[in-house]
Structure formats: structure tokens, C-alpha cells
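K.L.:
pasting the sequence and the predicted coordinates here, then a few questions.
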2 protein chains.
Amino acid sequence: MRRDVFQAIADPTRRAIILLIASQAMTPNAIAEHFDITRQAVSKHLKILTECQLVKQEQAGREIFYQLDGAKIQEIDKWLEEFKKIWESRFNELDKVLLTLKNNKL
Amino acid sequence: MRRDVFQAIADPTRRAIILLIASQAMTPNAIAEHFDITRQAVSKHLKILTECQLVKQEQAGREIFYQLDGAKIQEIDKWLEEFKKIWESRFNELDKVLLTLKNNKL
DNA sequence: TATATTTGCAACTGAACGGTTGCGTAAATA
DNA sequence: TATTTACGCAACCGTTCAGTTGCAAATATA
């Protein structure tokens, strides 16, 4: 079972949940009201989001408020930045030559 | 079959392929040399990347060079920006009240 | 105390995923 | 021309995924 941020945001419902609870903590029932799936399905998504530390729980009586933990999302940013760095230097001919040599393991 | 950028980058091998061909176009065989999977498996990944327009093909004789199309990656950036916008305004109490009202559909 | 509400957990289902092997085809090469 | 090389496509396999239904536990309420 792979559990990383990229797999977490691969699902459109989970992306929507993330945006939904980004501004304020919410309970599974409250979240489920915004979607056409059962409360249990939402709970499963929350479990996955919790497992990759994108979300934290806070118990209040019988209710559990789920709130976002913004730290892990930076991993996406990090990968994007790495990509951009390579992408933006792709027209540098010297870089190309060096990478060709590297890729051909010479 | 869902085919969007987020699903494309969910797989670690595909992320590696993206970074690999970001600087220069490569053939499936050349790409496969960098991984412990078969050439056919790489081709499957390239097919997925092509389907969500992250990658373009360029035929050269019997070789096909796969090169990155940077445009679609911006969709990830766009989503991240949307998230950041909400995330960074989460401590604004007025915003919270407004969002509470909105979420409760009042 | 009996009942309703909120939740997590388990079992199940059909679809999708990531990988493999095998094969056909087109281009390069001997 | 015969052979090798590069590739895509199809079939298959085991695993994961997203969803469902059903149920038990804990808290709130009548």
C-alpha cells in the first residue's frame, strides 16, 4: 500500500476534501454532505489523508473534526520546483551535451 | 479510466520518467535502461503520460522520441495556488465566519 | 435508562493499476 | 534478401482502489 502525498491528491474527491477543510476543520458527516458519496467513503478518504499526514484529527465528544496539516503539501511544491529547474534549463545546449553524456553513461 | 495530470504523477516511476525526459527527448528503450522494469512497462507509462498530454512523440525512423510538454504541469501549480490561497487566509476570522455560513448553506 | 447520533471497522464488489509475456510490424543492417 | 532492432498492441495476472452495506462502540439526548 503506497501512501504518499502524490497518491493522496490523485483522487479528485480527496482534492476537493482538501480544499474544503483547508479553511476550517470539519466532521466526516459535514464533509459528506458536500459530495454524492456515503459518509463511510468520505471516512476512507480521510483515513488515507491521515495516513500520509495531510490531515489531523481533533476529538470533541462524539464528533471528530478533521483539519488540514499544510506541511506535507510542500512535497508537491518541492517536486514541481525540481521539475521547473530542469525544464527551464532545457534549451541550454551545454546542459544538453552534459546530460547526453550522463544518460549514455560515458 | 481517469486520465488527468494528478493521476499521471501519482506513480513514482512516472514522476521519475518526467524528470528524466524533461531536459531531453528519449526513446522508450533508453528510458527503460534507467529502471528495473521492462520496456513494455515503460511504454505503458508513456502511453498514460501521452493521454494526459504531458508528453509528445516524435518519430525518427524506427525510433520514437518522447519529449515533455510542459503546459499541462501548470494544472498542478494552479491547484496548489488555489490551495495556498485558502490555506493562508485560514486564520482570518471574518473569512471563517463567512465560510461557516457558506458550508452550512444558510 | 432507552434511544438516537456520530463514528470507525470489516467484508465484499467491480474496476483500474502496474507489471509481465508473447506477437506482429516497420525500419535498419548484414 | 535475411536478420536484427525498436516499437506498439493484446492478453493475462495479482494487487490496489473507491465505493458499498452492515455492524459495534461511544457519546448525547429523551
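P.N.:
Alright, I've got the coordinates.
K.L.:
in chain A, where's the longest helix?
P.N.:
Counting residues, the longest helix found in chain A (DSSP state H) is helix A:74-88.
K.L.:
and that helix with helix B:74-88, angle?
P.N.:
Interaxial angle of helix A:74-88 relative to helix B:74-88 (axes from the mean of the first three to the mean of the last three CA atoms, to 10 degrees): 140 degrees.
K.L.:
DNA strand D versus residue A:41, what's the distance?
P.N.:
Distance of residue A:41 to DNA strand D, given as CB to the nearest atom of the strand, to the nearest Å: 3 Å. Bear in mind the C-beta positions are built from the backbone N, C-alpha and C, glycine included.
K.L.:
need the contact partners of the helix or strand containing that residue.
P.N.:
Take DSSP states H and E as the rule and residue A:41 turns out to sit in helix A:39-51. With contact meaning CB atoms under 8 Å, 6 or more residues apart in numbering or on different chains, helix A:39-51 is reached by A:3, A:8, A:11, A:13-14, A:17-18, A:28-29, A:31-32, A:35, A:55-57, A:66.
K.L.:
tell me which two of these sit farthest apart.
P.N.:
Maximum pairwise distance in the contacts of helix A:39-51, criterion CB to CB, is 24.6 Å, between A:3 and A:29.
K.L.:
list the buried residues of the helix holding residue A:41.
P.N.:
Buried residues in helix A:39-51, counted by 16 or more other CB atoms under 10 Å in any protein chain shown: A:42, A:43, A:45, A:46, A:48, A:49, A:50.
K.L.:
ok, how many other residues are close to residue A:64?
P.N.:
Using other CB atoms under 10 Å in any protein chain shown, residue A:64 is surrounded by 16 other residues.
K.L.:
cool, and the one 4 residues further on?
P.N.:
Residue A:68 sits with 24 neighbouring residues when counted by other CB under 10 Å.
K.L.:
please name the residues that touch it.
P.N.:
A:18, A:21, A:22, A:54, A:55, A:56, B:87.
K.L.:
try 7 Å this time
P.N.:
A:18, A:21, A:22, A:54, A:55 (CB atoms under 7 Å, 6 or more residues apart in numbering or on different chains).
K.L.:
how about chain A: which residue is closest to chain B?
P.N.:
With CB to the nearest CB as the measure, residue A:10 is the residue of chain A nearest to chain B, at 3.7 Å.
K.L.:
and that residue, that's in a helix?
P.N.:
No. Assigned with DSSP: H, G, I helix; E, B strand; the rest coil, residue A:10 falls outside any helix and is coil.
K.L.:
skip the chain neighbours and tell me the closest residue to it.
P.N.:
Leaving aside its sequence neighbours, residue A:10 sits nearest to residue B:10 (CB to CB, 6 or more residues apart in numbering or on different chains; 3.7 Å).
K.L.:
the one you found: how many residues sit nearby?
P.N.:
Using other CB under 10 Å, residue B:10 is surrounded by 19 other residues.
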